[in-house]
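Asks: Show me how the following folds:
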Amino acid sequence: MQDAPALILTIDDDLTVRENIVAYLEDSGFEVCQAENGALGLEVFRARQPDLVLVDLRMPVMDGMEVVRRMKVEAPAVPVIVVSGVGVLEEAVEALRIGAWDFVTKPITDMMVLEHAVGKALERARLLEERNRYQDRLEQEVSMRTSELRNANARLLEVQALLQEKNQFLETLIESIPNPIFYKDLNGLYLGCNKVFSDMLGVRQEDVVGQSSHRLLPDEVACRMSEINSQDGMLTNCLMELSAPDGSLHNFVLYKSFFFDRDGERSGEVGTFHDITELKRKEAQITYQAHHDELTGLPNRLKIKQEIAALIARYAETNLQFAVLFLDLDNFKTVNDSLGHKVGDRLLTETAERLLALTGERGMVARLGGDEYVVLLPHIMDETEAGHWAETVLNAFRNPFMISEHELYLSTSIGVTCYPKDGADPDTLIKNADIAMYRAKARERSSWQRFDIAMVEQVTKRLAIEKDIRKGLENNEFIPYYQPRVDIRTGRVVGMEALVRWHKADGTVGNPGEFIPVAEETGLIVQLGERVLREACRQTRIWHSAGMDGLRVSVNISAHQFRANLVDMVFNALDESGIDPELLELEITESTMMSDLGQTVSLLERLAGRGILTAIDDFGTGHSSLYYLKTFHINTLKIDRSFVEDILNDENDANIVSTVISMAKNLSLQVVAEGVETQEQLDRLREYGCPEVQGFFYSRPVPADDFEIYVRKTNGW
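Replies: Numbering: from 1, shown residues only. Coordinates of the predicted model:
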């Protein structure tokens, strides 16, 4: 009969995040319940008693930090994993300090990281529970043995008082106890023992009598036995190690107590050993698992932080330096998704082996989780040497990994920090190395970057933008502006592109070049894009009802939206607005379409089946493959503004524009030239036969009211 799946409670005010976590974990075999804030989360926890809790830090009603505090009091044995954005790293560290078990950053680009953290936490909880059971069992055993010894001592005293001359009874009693037992006089000489004790020492019973501990036991063990003193005849104990006759090492607990003569005076002592070797082995196993990665056997985050802290303490009063290299494998997710987790795990293991072979005794390699590793270099002369190490690691990854029948080339991005310049504690050094790594990855894959304090300022600015975007979404500060698409032959407006603009609460207007990349990185672009889509459809319906018939609205679709529930999102927007599907055109970039050909074909077929049009945005800047023009349901090509800009001065750009227009006509595709700013550009496009144009020559993107005025004036409505 199989065990019931673990019940996991996820607490997050972001419905999308909760639903994603619920879907993934349920697919992974877990049972999941959820709550939208901390207060409701605690109610669900008390009602359902889950095995593990995932909690966001920043939530209304009750934040995640308070949830962690209360969980620490109410259910300290239940793992709590903080799932929150990188903007709350300090709060996450505080949450770990007050009781959280682990921390996973949002957005969760790889759900394996979350699944691994959940699995590790559940396993750790199970091991801790098992350790507690063993400790309870040990205490019960101690109590039982204590009781046995007290009973034996009382019995011995009774026998001594009643049958002083009948030592045979005492010997029989001692021999009946399965643990090693000895008894001595007050001078420390053995009066006797049971066979179990003599067998433990590898000698005959008769050879024990009259000897001292120093003659029979190793010096250090004998000394420890002598140092154990009982007061008032009460039991005392200590831990020690003894070698068995076969050479194996055993762990024992020694219990000792005095026995008394008929006058109540101490006449000697009795002791027994309890073998706890197996318990110590399990305890060591639990300790190892708590400090090492299960897959690779490398030290984990906790262990490497302890090692860094030890180095800091050792180097505090010196001029010595050490370096931290933070590695993130490039495109590991692609390998893992395409070849399977088994190959992915092998790749992670062989990466660990390659790093260990590279560093040898000169450093320590740790795996933080997922495809992230840390290399600790305890002895470097200067920052230049740290850079040489980073180059050495990059070069090591230029050789392929041979896994099964696959020859895999995998690069890595590296961030470097040095103590004490870049941080005075483990968390800061690792965090700053992580920041530098992301800067390296953003600049160029297979590269390294030295940490600079300016990076923190940039990260802080990015986090501030992310925070403002979230507030802006809550306060409906994002609205679509509209730029007209003009028929080059008639000069009439035939459609418009909806472009998001941010009217902040303080009256300023956000720069799309700043906030859109942040929204893309954080996944907020999905929520932002859905609002623009719904509002653009709603406004188009209003204009059609007001007599502005035939205008087609174009809406940009991000890569995140394309991978999310795009079809449902678009169909819902159409149903809510009531516009004709043929009046909606979705603009998708070439790179987004080519990321997953099977998914792209399926999505475009479903959209086309509803009558929705699709345009390739910025055509010519990506793959520009004739294959997907034949395979995909495409209606429009939008020529990128970079080609239009130099159409008069660059023969290559002019030829590209002319060729695209001619090709589109032959394929019965519509063409729109973007970025038209001058009459000369317009005349050249007219000469090439371009049917539609868009750009500042006609109008910048403007609010809905201004767009309506422009269209009515231009079209004579």
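
Asks: Can you get me a residue count around Ser404?
Replies: Burial of Ser404 is recorded as 11 neighbouring residues (other C-beta atoms under 10 Å). All C-beta spots, glycine's among them, are computed from the backbone N, C-alpha and C.

Asks: again with the one 10 residues further on
Replies: Residues within reach of Ile414, counting by other C-beta under 10 Å, total 27.

Asks: That one contacts Leu394, doesn't it?
Replies: Yes. Using C-beta atoms under 8 Å, Ile414 makes contact with Leu394 at a distance of 6.8 Å.

Asks: any residues in contact with both of those two?
Replies: Ser447, Trp448 (C-beta atoms under 8 Å, 6 or more residues apart in numbering).

Asks: in terms of contact, does Leu339 touch Glu405 like I think?
Replies: No. Contact between Leu339 and Glu405 fails when scored by C-beta under 8 Å: they sit 10.2 Å apart.

Asks: Could you check which of those two has the larger neighbour count?
Replies: Leu339 (16 against 6).

Asks: check contacts around that one.
Replies: So Leu339 contacts His406 (C-beta under 8 Å, 6+ apart).

Asks: In the protein, where is pLDDT below threshold?
Replies: Within the chain, the ranges that satisfy pLDDT under 70 run 1-2, 86, 88, 159-167, 169-170, 218-237, 595, 620-628.

Asks: Outline the domain layout of it.
Replies: Listed by automatic domain parsing, the domain ranges of the chain are 7-109, 137-281, 298-451, 482-498+524-715.

Asks: Dump the ones you listed to JSON lines, plus distance to Ile469.
Replies: Formatted as JSON lines, these follow (distance: least, C-beta to C-beta, whole Å):
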{"stretch": "domain 7-109", "distance to Ile469": "11"}
{"stretch": "domain 137-281", "distance to Ile469": "53"}
{"stretch": "domain 298-451", "distance to Ile469": "19"}
{"stretch": "domain 482-498+524-715", "distance to Ile469": "5"}
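
Asks: Which one, of these, ends up nearest to Gly472?
Replies: For the domains of the chain, the distance to Gly472 is smallest for domain 482-498+524-715, at 8.7 Å, taking C-beta to C-beta.

Asks: ranges for the helices of the stretch 451-600 of the chain?
Replies: For the stretch 451-600 of the chain, the helices defined by DSSP state H, counting those that start in this stretch occupy 453-474, 512-522, 524-545, 559-563, 566-577, 590-594, 597-609.

Asks: CSV for the ones you listed, including mean neighbour count and distance to Phe401?
Replies: Listed next are those as CSV, based on neighbours: other C-beta atoms under 10 Å; distance: least, C-beta to C-beta, whole Å:
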stretch, mean neighbour count, distance to Phe401
helix 453-474, 15, 30
helix 512-522, 18, 29
helix 524-545, 20, 34
helix 559-563, 19, 27
helix 566-577, 17, 35
helix 590-594, 18, 26
helix 597-609, 15, 26
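
Asks: need those helices in CSV with distance to Asn649, can you?
Replies: As requested, the helices of the stretch 451-600 of the chain are exported to CSV (distance: least, C-beta to C-beta, whole Å):
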stretch, distance to Asn649
helix 453-474, 36
helix 512-522, 25
helix 524-545, 35
helix 559-563, 33
helix 566-577, 39
helix 590-594, 25
helix 597-609, 35
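
Asks: of these, which approaches Asp706 most closely?
Replies: Nearest of the helices of the stretch 451-600 of the chain (C-beta to C-beta): helix 524-545, 12.6 Å.

Asks: angle of the closest one against helix 512-522?
Replies: Angle, helix 524-545 to helix 512-522, by axes from the mean of the first three to the mean of the last three C-alpha atoms, to 10 degrees: 120 degrees.

Asks: Show which residues not belonging to helix 524-545 make contact with it.
Replies: 16, 466, 469-470, 473, 476, 478-480, 482, 498, 500, 516, 518-519, 551, 553, 555-558, 560-561, 564, 569-570, 572-574, 576-579, 583-584, 704, 708, 711.

Asks: Just give me how far stretch 460-475 sits from the chain centre.
Replies: 22 Å (C-alpha atoms, centre = their mean, to the nearest Å).

Asks: Over to stretch 314-334?
Replies: Offset of stretch 314-334 from its chain centre (C-alpha atoms, centre = their mean): 18 Å.

Asks: end to end, how far does that stretch reach?
Replies: Start to finish, the residues bounding stretch 314-334 are 42 Å apart (C-alpha to C-alpha, to the nearest Å).

Asks: ok, back up a step: nearest approach to Asn187 belongs to which of the helices of the stretch 451-600 of the chain?
Replies: helix 453-474 (70.7 Å).

Asks: Next, the residues that contact that closest one from outside, please.
Replies: Residues contacting helix 453-474 (C-beta under 8 Å, 6+ apart): 85-87, 432, 435-436, 439, 477-478, 502, 504-505, 510, 514-515, 518-519, 521-522, 524, 527-528, 531.

Asks: what does stretch 94-105 give?
Replies: 54, 57, 64-65, 68-69, 71-72, 76, 79-86, 92-93, 113-114, 117, 120-121, 124.
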